[in-house]
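Visitor: Prediction below, plus the sequence it came from.
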Amino acid sequence: MDGHDSPVKMPELNLIPETDRGIELDKGMKQVMSLLTAYWRERRVTLQSTPSGSLFTCNPEIKDIFHVPADGDGDVYQGDDIQCSEVMVMAHPSNGNTIWVRPHKIATVDNAWPLLKYDVVSFTITNLNMLHILIETSTERAIIAYTM
């Protein structure tokens, strides 16, 4: 941490008395503070927790949302080669039958998560090509949202 010996300003700490210059921290304390902070919107912020010690978390921003209509009865869909961090799949509100969702392997009625209209499932994957959907009938659709 040599060369980074300037005073630290962190209004989130609510330190009293407040100084215009900041707070002088030794190297050990700066290392601890680096573990308790994160970057958000190109600035360092203090991580905050609930009184029980759980960190507040949030999901990344949605990159895109698109619909997958069935090409016919028993249509099998695999996502395109798109990097992502999380995916959410919703059965379209007008669906009358089940769609089946599974990460990493082909979805079947015997091994996938069933979704009826309005049902949603989300999970972490690193590429949309890991997403597999079985749409039972030609009139059904899946709605997919993913994050980066």
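Guide: Happy to help now that I have it.

Visitor: Tell me, how many residues neighbour His132?
Guide: 20 (other C-beta atoms under 10 Å). C-beta: built from backbone N, CA, C; applies to glycine.

Visitor: hey, what's it bridged with?
Guide: His132 has these beta-bridge partners by DSSP bridges: Gln78, Arg102.

Visitor: Spit out the contact partners of it.
Guide: By C-beta atoms under 8 Å, 6 or more residues apart in numbering, the residues touching His132 are 76-79, 101-107, 112.

Visitor: again, only using 6 Å
Guide: With contacts defined as C-beta atoms under 6 Å, 6 or more residues apart in numbering, His132 is in contact with 78, 102, 106-107.

Visitor: Can you turn the buried part of these into a ChimeraX selection?
Guide: Command for ChimeraX that selects the buried part of those, burial taken from 16 or more other C-beta atoms under 10 Å:
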select :102,107
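
Visitor: Now the two most distant members of the contacts of His132.
Guide: Gln78 and Arg102 (10.4 Å; C-beta to C-beta).

Visitor: The residue nearest to Asp80 when sequence neighbours are not counted: neighbour count?
Guide: Once flanking residues are discounted, Asp80 sits nearest to Leu128: 5.6 Å by C-beta to C-beta, 6 or more residues apart in numbering. Leu128 has 18 neighbouring residues, counting by other C-beta under 10 Å.
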